[in-house]
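K.L.:
Build the 3D model from these lines:
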Amino acid sequence: MKKIFAILMAMCMLRGLLCIAAFAAEPAAGVVLRVSALKEGDTPEYEFIGDYESFEDGWNAAMELADSEAMETNNYDRVVVDLYDDWTAVDGQFTEDFRNGSGFDWDAIYVQDGVRITLNMNGHTINRGLTEWENNGEVMCIDEDADVIIHDGTIKGGWSCNGAGGIHIKDNANVTLDNVNIMDNKVDDDDGAGIAVYDGAVLTMNGGSVSYNASYNAVYGGGVYVENASAFFTDVTFQDNRGFHRSTHGAAVYVDNGTLKMENCQIFGNGLMQESDDDTSRPAYSVINLSNGSDATITGTEFFENGGAYETYTEHNTMKYTTVINTIASQLTMEKCTFHDNHQVYLIQSEASILNAVHSDFTGNHSFVFYGNCARGRDSAFTNCTFDYSEPMLNLEDTFFFNLSDAGLSFVDCVFGDATFNEKDAAQFIDTEEPDGSNYPASIFGEGSLVMIIAILALIAISICIIVAYRKKVLHANVEDKE
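P.N.:
Just a heads-up that it's a prediction; the model follows:
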C-alpha cells in the first residue's frame, strides 16, 4: 500500500513539474501573446491554454475563456495573459470577426463585465495608433465589475470622443496598474485623456507614470478623471499633461465627488503652454482639481515646474484662475509635500473647503500661496509649514489672499520668511510669528503658555505649602502656651 501511495505521489509531482515546465517555457518565435488560467484552490496552479501569433486572436480567446460561465465551468480564478511583443492597432486591419469578438469593442481592447484578468506586458507597449479622434477611441475599455491587474508596460495612442483616451474604467470595476505608463493619449470634448474612472470604480496605481496626455476641447482631467470613484497613486509621476483649445481644470488629476490618495508622487510640467504640429496648448486652470465633496490625502509628494510664463496667462486671459491645487467644497490633507518653481498664479485655491497641511514647504515658487477661504466652523490649518514670497507673476504685495473676513484658517508653528497677508486678521496664528516677524500672542494651550502655567501652578503649590506649614507652627505654639 505504501509503495502504491509513493508511486502515486511521484506521478503527481512529475505531472506538476511537467505542467510548470510547460507553462514556464519560453514562447516560440513569432508568438505575440500567451493565454493561461489560474485555477481556484489553496495552492495556485496555472493551466496553459495556448500561444498566439496574432494579438487579436489571443485576446479574443482570453475573453472567451474569461466569460463568467466558462470560468465557473473550468474552476478558474483568473485568466492570465502574457504579452511578448509590442502591438500597434492600425485602422482598417480588423475584420468583422474581431470587431464582433469578445475582446474588442470595435477597435478598442475590451474587458467584459465581471471578468477577472491579469495582463503581464513584460515591458512591451500597446499602441492604439490613432491620429484623429474616434468613437470608442480609447486603447482599453474595462466594463462594469471587472477585476483587472496590469503589470509593466506602456499604454498609448488612444484618442476618443466618448470616453478616456487611454483606459476607460466603468462602474464598480477594480483596476490595478503596477509600473504601467499611460502616455500620449487624447480626448476630444470629453474627460480624462489618460484614464477615466467612473461610479464606484477603484483605480490603484503603483509606480509608472501618467504623462504627455492631452485634452482637446475638454475641460476636465488632462491626465486622470475620477467621478464618484476612487484613485490611489503611489510613486507615480504626472508629467506634461495639458489641454488644447480650452484651458483644462485638473491638467494632472480631476476628482468630482471622489476619493484621491497620493503618496511619494512627482507632479511637474503640467499645464504649460506647448506647441504641437498644428496647435498650441492652453495654460491649465488647475493642475489638481477637487470638487463636490471630494476627499484627498497627499503625502510626500513634490509639485514643481507646473504652469507657464507670465505672457502665457495674459495672452489667454486666465491670470485670475490658475492654481496648482484647486479645491471646492472638498477636503484636502497634505503632509510632507513640497512646492517649488511653479508658475501658476496660486499654489492653493480654496472655496468652502477643509484644508490641513502639515510639515510642507511652499518656497521658491513664482506663485502666491493661498487664495480664498476655508469652510466656516471647520478646523483648517497650516501646521509646521514654511512659506516665502518668491516673486509671484502678478505685481502684488501679498502672499496670502483671503476673500472673507473669517477665512476659517489657522497657522500653527509656521515660518513665513517675507510672506505677507492681504488681511492678516482673517486668519488665526497659534504659537507662531506674524509675517512681519513680531511674536503673535500665543494660545493659552501653546507650548510657551503651558510652561508658564506650570510654573505658576508650582509657585501656588509652594505658597500653599508654606502657608500650611506656618499655620501648623502657629497652632502648635498656641497649644504649648495653653499647657
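
K.L.:
Helices of this protein, start to end?
P.N.:
Secondary structure of the chain (DSSP state H): helices located at 2-24, 55-65, 68-74, 96-99, 310-316, 447-482.

K.L.:
Which neighbouring elements make contact with the longest strand seen in the chain?
P.N.:
Ranked by residue count, the top strand of the chain under DSSP state E comes out as strand 346-358. Contacts defined by 3 or more C-beta pairs under 8 Å, 6 or more residues apart in numbering; DSSP states H and E place strand 346-358 against strand 323-328, strand 331-335, strand 368-374, strand 381-383. All C-beta atoms are positioned from the backbone trio N, CA, C, and that covers glycine.

K.L.:
Can I get it in PDB, CA atoms only?
P.N.:
Output of strand 346-358 as PDB, limited to C-alpha atoms (Å, rounded to 0.1, in the frame of the first residue of the first chain):
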ATOM      1  CA  TYR A 346      -1.800  80.400  -6.800                       C
ATOM      2  CA  LEU A 347      -0.500  77.300  -5.200                       C
ATOM      3  CA  ILE A 348      -3.700  76.600  -3.400                       C
ATOM      4  CA  GLN A 349      -7.200  78.000  -4.100                       C
ATOM      5  CA  SER A 350      -9.900  77.100  -1.600                       C
ATOM      6  CA  GLU A 351     -13.700  77.600  -1.700                       C
ATOM      7  CA  ALA A 352     -15.600  76.400   1.400                       C
ATOM      8  CA  SER A 353     -13.200  73.500   1.800                       C
ATOM      9  CA  ILE A 354     -11.400  71.900   4.700                       C
ATOM     10  CA  LEU A 355      -7.600  72.200   4.300                       C
ATOM     11  CA  ASN A 356      -4.900  70.800   6.600                       C
ATOM     12  CA  ALA A 357      -1.300  70.900   5.600                       C
ATOM     13  CA  VAL A 358       1.500  69.600   7.900                       C
END
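
K.L.:
wouldn't residue 233 be in contact with residue 209 here?
P.N.:
No - judged on C-beta atoms under 8 Å, residue 233 makes no contact with residue 209 at a distance of 10.3 Å.

K.L.:
Can you pick out the residue with more neighbours from the two?
P.N.:
The neighbour count for residue 233 versus residue 209, taken as other C-beta atoms under 10 Å, is higher for residue 233 (26 against 22).

K.L.:
any idea how far residue 357 is from the more buried one?
P.N.:
18 Å (C-beta to C-beta, to the nearest Å).

K.L.:
And residue 49, by the same measure?
P.N.:
Taking C-beta to C-beta, one finds residue 49 at 51 Å from residue 357.

K.L.:
what does residue 420 give?
P.N.:
Separation of residue 420 from residue 357 (C-beta to C-beta) stands at 19 Å.

K.L.:
Which one's more surrounded, the two?
P.N.:
More crowded of residue 420 and residue 357, by other C-beta under 10 Å: residue 357, with 23 against 17.

K.L.:
correct me, but that one touches residue 382?
P.N.:
Yes - counting by C-beta under 8 Å, residue 357 touches residue 382, with 4.9 Å between them.

K.L.:
My read is that residue 405 contacts residue 422, right?
P.N.:
No - in this structure, residue 405 is not within contact of residue 422 by C-beta under 8 Å, at 11.4 Å.

K.L.:
So which of the two has more stuff around it?
P.N.:
The residue with more neighbours, out of residue 405 and residue 422 and counting by other C-beta under 10 Å, is residue 422; that gives 15 against 9.

K.L.:
How about that one: what's its closest non-neighbour residue?
P.N.:
The shortest distance from residue 422 to any non-neighbouring residue, by C-beta to C-beta, 6 or more residues apart in numbering, is to residue 398 (4.3 Å).

K.L.:
now the strands for the stretch 51-200 of the chain?
P.N.:
Assigned by DSSP state E, counting those that start in this stretch, the strands in the stretch 51-200 of the chain fall at 76-83, 87-88, 104-105, 108-111, 116-120, 125-127, 140-142, 147-156, 159-160, 167-169, 174-183, 186-188, 195-198.

K.L.:
so which of the helices and strands packed on strand 346-358 gets nearest residue 138?
P.N.:
Closest approach to residue 138 among the helices and strands packed on strand 346-358 (C-beta to C-beta): strand 323-328, 26.3 Å.

K.L.:
Could you list every helix and strand that the closest one packs against?
P.N.:
Against strand 323-328 (3+ C-beta pairs under 8 Å, 6+ apart) you get strand 286-291, strand 346-358.

K.L.:
And for it, what's in contact with it?
P.N.:
Outside strand 323-328, the residues that touch it by C-beta atoms under 8 Å, 6 or more residues apart in numbering are 249-250, 285-292, 294, 296, 303, 306-307, 332, 339, 342, 344-353, 355, 367, 371.

K.L.:
and with 6 Å instead?
P.N.:
Here strand 323-328 makes contact (C-beta atoms under 6 Å, 6 or more residues apart in numbering) with 286-291, 303, 306, 342, 344, 346-351, 353.
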